[in-house]
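Participant: Here is the input, now give the coordinates:
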Amino acid sequence: MQNKKNKLWLFAAFFFMLIFGSCQKQKITEEENNVSSSLNLAARPSPGEELPLQEGVNMELGEPKQNPYTVENMAAAWQDLVDRGIRTNAETHVYTSHYYVKFKPRNSDEYELLHRDSTLAFSDFPIESTITLNGDYYHDPSLPDSVPTYQYTAVKADYRFPEGIEYEILAELYIPEADEVFKYENGGTEDCFVDNLLNQAYKQTKNDEDIIDLTEYCGQQVAARPRYHPGGTIRVFDTRLQRYIGMEGVRVQARRWFTYKNARPDFDGKYRMSGTFKRPCNYSIWFATSTFAVRHNLVNITFWVNGPKITGDWNYDLNNSYQRFAGHVFRGAYRYHAKDIGGLQRPWLWPARQLYIAKDA
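Facilitator: Next comes the predicted model:
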């Protein structure tokens, strides 16, 4: 019994040393910053398109984009293609496949209840938002700090809404990428029809950055435009070891409007998603698993890093003080929940996830 207690104390000491010893506020050398910049800039869009991160600042939003996936806009785009002689053999039409929803959790319990559904991808700010100031979190300014911010997502038309959580349907959607009759990721002529439909829907809503050139691929409707698997490397700098470490187990998301892919990096921080895209995707990192989440505080939302909108791989290093701190909190929790801990007791799992508060004093 005494040996078991000693083991528990030793593990507890190791756990806190891993979190706090690696997160001492040491100044990163100029050489380290240069290494990180060269890795991250390789995946960024052209200079000036990505706003610099303001640490510890609430993100500010500007004029929203028009939503190209509304049923009305998609129906108009479909009709435009028919008028131009671009047709599909698939037996389908524009219909309400999804709802764009704004959930309004009143407390942490309701927020956690929403996030138990692993089939949904939530955003803390409206999906059509434009960002004018890139902070490292977002909380709707109309809400008190004690209430979780609104959660935005798309749900299937037959989704059963959880009882007791207030929500608002913002729009009825048709998402052709999710229409199974197209088998969108398999290529072929129907793939080209969907690409033309999306291009027209984006054109009508002035989302020009999402339009792709189809002349070479769909001019004769014989080939599909090449696709890419989102991927890259996510690392955190360890100030004790003086080197970068892979962010194993963190959730990396690649999202295109209401369609998203997920992956979790391996021990070296490398990740590759099974799904594919043709157009640029919005990357982000979420510090959570199905059993635990890292937060700023008890009433706040899961900590995340908002990445760029690009085509191809995204590599990112957690270098600034709070991101680095939260990264090591996640590493410690991930080891405690999922890795080898020498036979010690795992954390008790309640109906909701375990919460780890990364409070930077």
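Participant: hang on, residue 177 packs against residue 194?
Facilitator: Yes - with contact defined as C-beta atoms under 8 Å, residue 177 reaches residue 194; the gap is 6.9 Å. C-beta coordinates here come from the backbone N, C-alpha and C atoms, glycine included.
Participant: For the residue nearest the centre of the chain, name its beta-bridge partners.
Facilitator: The chain has residue 253 as the residue nearest its centroid, 3.5 Å off, counting by C-alpha atoms, centre = their mean. Residues found in beta-bridge contact with residue 253 (criterion: DSSP bridges) are residue 262, residue 284.
Participant: With residue 154 instead?
Facilitator: Going by DSSP bridges, residue 154 forms beta bridges with residue 100.
Participant: check contacts around it.
Facilitator: 98, 99, 100, 101, 127, 173, 175, 258 (C-beta atoms under 8 Å, 6 or more residues apart in numbering).
Participant: Could you do residue 87 as well?
Facilitator: By C-beta under 8 Å, 6+ apart, the contact set of residue 87 is 81, 193.
Participant: gap between it and residue 196?
Facilitator: Computed with C-beta to C-beta, to the nearest Å, the distance linking residue 87 and residue 196 is 10 Å.
Participant: Please apply the same query to residue 324.
Facilitator: Spatial separation of residue 324 from residue 196 under the definition C-beta to C-beta is 45 Å.
Participant: Which one of those two is surrounded by more residues?
Facilitator: Under the criterion of other C-beta atoms under 10 Å, the comparison of residue 324 against residue 196 puts residue 324 first, with 23 against 20.
Participant: Now do the SS call for that one.
Facilitator: When the structure is reduced to helix, strand and coil (DSSP: H, G, I helix; E, B strand; the rest coil), residue 324 reads as helix.
Participant: I figured it was touching residue 318, is that so?
Facilitator: Yes - here residue 324 lies in contact with residue 318, judged by C-beta under 8 Å, at a distance of 5.1 Å.
Participant: Overlap in contacts, those two.
Facilitator: Both residue 324 and residue 318 are in contact with 236, 237, where contact means C-beta under 8 Å, 6+ apart.
Participant: Now do the contacts for the residue nearest to the centre of the chain.
Facilitator: Residues near residue 253 by C-beta under 8 Å, 6+ apart: 121, 260, 261, 262, 283, 284, 285, 286.
Participant: Likewise for residue 322?
Facilitator: Taking C-beta under 8 Å, 6+ apart as the contact definition, residue 322 lies against 55, 56, 136, 358, 360.
Participant: likewise residue 231?
Facilitator: For residue 231, the contact set (C-beta under 8 Å, 6+ apart) comprises 263, 270, 271, 272, 273, 313, 314.
Participant: Now restrict those to buried residues only.
Facilitator: Buried subset of these (neighbour count, 16 or more other C-beta atoms under 10 Å): 263, 270, 271, 273, 313, 314.
Participant: what about the spatially closest residue to the second one that is not a sequence neighbour, how many residues close to it?
Facilitator: Spelled out, it's residue 270. Counting by C-beta to C-beta, 6 or more residues apart in numbering, residue 270 lies nearest to residue 233, which is 5.2 Å off, once chain neighbours are set aside. Using other C-beta under 10 Å, residue 233 has 21 neighbouring residues.
Participant: what ranges do the helices span in the stretch 1-150 of the chain?
Facilitator: Assigned helices in the stretch 1-150 of the chain, in chain order: 2-16, 30-41, 71-83, 108-115 (criterion: DSSP state H, counting those that start in this stretch).
Participant: which of those has the lowest average pLDDT?
Facilitator: When those are compared by mean pLDDT, helix 30-41 comes last with a mean of 31.
Participant: re the thing from before, so how far is residue 266 from the residue nearest to residue 270?
Facilitator: From residue 233 across to residue 266, the span is 10 Å (C-beta to C-beta).
Participant: any residues in contact with both of those two?
Facilitator: Residues touching both residue 233 and residue 266 by C-beta under 8 Å, 6+ apart: residue 246.
Participant: if we can go back for a sec, please flag which of the contacts of residue 322 sit within strands.
Facilitator: The members of the contacts of residue 322 that map onto strands under DSSP state E are 55, 56, 136.
Participant: buried subset of these?
Facilitator: The neighbour count (16+ other C-beta under 10 Å) marks residue 136 as buried among the ones in strands among the contacts of residue 322.
Participant: Between the ones in strands among the contacts of residue 322, which sits nearest residue 162?
Facilitator: residue 136 (28.6 Å; C-beta to C-beta).
Participant: From residue 94, how far out is the residue nearest to the closest one when sequence neighbours are not counted?
Facilitator: Here the nearest residue to residue 136 in space, its sequence neighbours aside, is residue 55; by C-beta to C-beta, 6+ apart that works out to 5.8 Å. For residue 55, the distance to residue 94 equals 44 Å [C-beta to C-beta].
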